[in-house]
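Trainee: Got a predicted structure plus its sequence, pasted below:
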Amino acid sequence: MTELVILGALTGGIVSAVLPFVAIPILRTIRLTDTANHRSSHRGVALRGLGIAPWGAFAAALVVALKDSDDNQVLIVAIGASLAIGLVGLVEDIIGLPVVVRIGLQVAVGIGLSVALAPALGRAGAWTMVAIAAFFIAYVNIANFMDGVDGISGLHGVVVGTFFAAIGVFLGVEALVFAGALLAISFGAFTVWNVGPQLRFLGDVGSYLLGGAVAGCVGIAVSADVPLLVAVSPVLLHATDAAYTLSRRILSRARWYEAHREHLYQRLSSDAQWGHLPVALVYALVAAALSGLGALMLTDGFEVVGLVGQGVILIAFVALAERAIRTGRQLVSFREDSR
């Protein structure tokens, strides 16, 4: 299985790094683009749908995993669910889907993942299956919402994947090592294409794949008796940003269900004037810190320390981010008044 992990991760990385050479001309030919508007965090016309590269990496890795299918059933289920939801995103990118259909397909894949994992969950029971399905549906959408500045999704995949691969090594769960390494390497390879002056976006195919892959890793971890609170550690910042932004919009009586650019990371990029890559790096570093505290919670006696530490980091981050945003706006106002 160790050789299989190496082969799967390397295959995924190579495919994700090379496939854009083929995909970019095709995406340009079919004019799969995003034109910037008032809700965008970029300017100009961007190529959309390059998430087909990490999707292809997962497909190639699935073929590798199938070589030893009897021992890799949980892994195959997780990768399969990721690929399935990625296809939903691809259809959304190309022709669009009604909201009801899109959500219905997300629910179907999420339930399918939890049911397929049921034999491996053992004592975890029905409530854990419900939690995994709900997390899958929620995180596919969170990953989509949080994919708004260059590098943020690719680096998120690197951090989350590294976390799962590391605890997989620590606990001796090779399926988790495989899935985590695949996630980290395939999205790390894509990041090279996502940053810089060229506007190349994951699109829904990539963000849905990312959300599904993260949920798949959580499912594998929980099936290996990793506590759910530990398993979700690396995604707490993304989830907090999404929940905080949704709460603000509801309280301000905005149409919370409409597209917007009011997430903390978007306002840090524009209003605080941090820019895309600095925001992506900050989010990756904070996620890494939360992951470290989550890993600490696997040690007896440190559960409370980890939970409290994560809470402090999240509260402090939101407070400091809002302060940076206010400061940035004041600087802009001062410069305009000085003209």
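Mentor: Nice, thanks for sending it over.

Trainee: how about the helix or strand of the chain with the lowest mean pLDDT: buried residues?
Mentor: Of all helical and strand segments in the chain, the minimum by mean pLDDT, DSSP states H and E falls on strand 33-35, at a mean of 73. The neighbour-count check on strand 33-35 (16 or more other CB atoms under 10 Å) flags D34 as buried. C-betas here are computed from N, CA, C, even on glycine.

Trainee: gap between that strand and the chain center?
Mentor: 22 Å (CA atoms, centre = their mean, to the nearest Å).

Trainee: What about the closest residue to L202 other than its chain neighbours? Give its phi and psi, please.
Mentor: Distances taken as CB to CB, 6 or more residues apart in numbering place G51 nearest to L202, at 3.7 Å, with adjacent residues excluded. Taking degrees, to the nearest 10, you get phi -60, psi -10 for the backbone angles of G51.

Trainee: Return the residues in contact with G51.
Mentor: Taking CB atoms under 8 Å, 6 or more residues apart in numbering, we find G51 in contact with 86, 89, 190, 201-210.

Trainee: just R253 next, same as before
Mentor: Contacts of R253 (CB under 8 Å, 6+ apart): none.

Trainee: part of a helix, is it?
Mentor: No: counting by DSSP: H, G, I helix; E, B strand; the rest coil, R253 is not found in a helix; it is coil.

Trainee: Which pLDDT value belongs to it?
Mentor: What the model reports for R253 is a pLDDT of 82.

Trainee: got the residue ranges for the helices in the stretch 1-150 of the chain?
Mentor: Here the stretch 1-150 of the chain has its helices, by DSSP state H, counting those that start in this stretch, at 2-29, 52-65, 73-94, 99-121, 125-145.

Trainee: can you give me the angle the third one makes with helix 52-65?
Mentor: Angle of helix 73-94 versus helix 52-65, following axes from the mean of the first three to the mean of the last three CA atoms, to 10 degrees, is 160 degrees.

Trainee: how many other residues sit next to S333?
Mentor: 10 (other CB atoms under 10 Å).

Trainee: Give me the buried positions along the longest helix seen in the chain.
Mentor: Selection of the longest helix in the chain by residue count, based on DSSP state H, yields helix 303-338. By neighbour count on 16+ other CB under 10 Å, the buried set for helix 303-338 is G306, L307, G309, Q310, I313, L314, F317, A321, A324, I325, G328.

Trainee: likewise stretch 67-81?
Mentor: For stretch 67-81, by 16+ other CB under 10 Å, it's N72, V74, L75, I76, V77, A78, I79, G80, A81.

Trainee: Surely the fifth one touches L113?
Mentor: Okay, so that is V77. Yes: with contact defined as CB atoms under 8 Å, V77 counts as touching L113 (6.5 Å).

Trainee: got any residues that touch both of the two?
Mentor: In contact with both V77 and L113: G216, G219, using CB under 8 Å, 6+ apart.

Trainee: Over to L298. Which of the three states is it?
Mentor: Applying three-state DSSP: L298 is coil.

Trainee: So the residue lying closest to it once chain neighbours are set aside, which state does it fall into?
Mentor: Counting by CB to CB, 6+ apart, L298 lies nearest to V230, which is 6.1 Å off, once chain neighbours are set aside. For V230, the assignment made with three-state DSSP gives helix.

Trainee: who touches V230 in this structure?
Mentor: So V230 contacts I167, A221, G294, A295, M297, L298, G306 (CB under 8 Å, 6+ apart).

Trainee: so how far is L307 from it?
Mentor: 10 Å (CB to CB, to the nearest Å).

Trainee: neighbours of L182, just the number please.
Mentor: For L182, using other CB under 10 Å, the count is 37.

Trainee: ok, it - contacts?
Mentor: G8, A9, G12, A57, F58, A61, I79, G161, A213.
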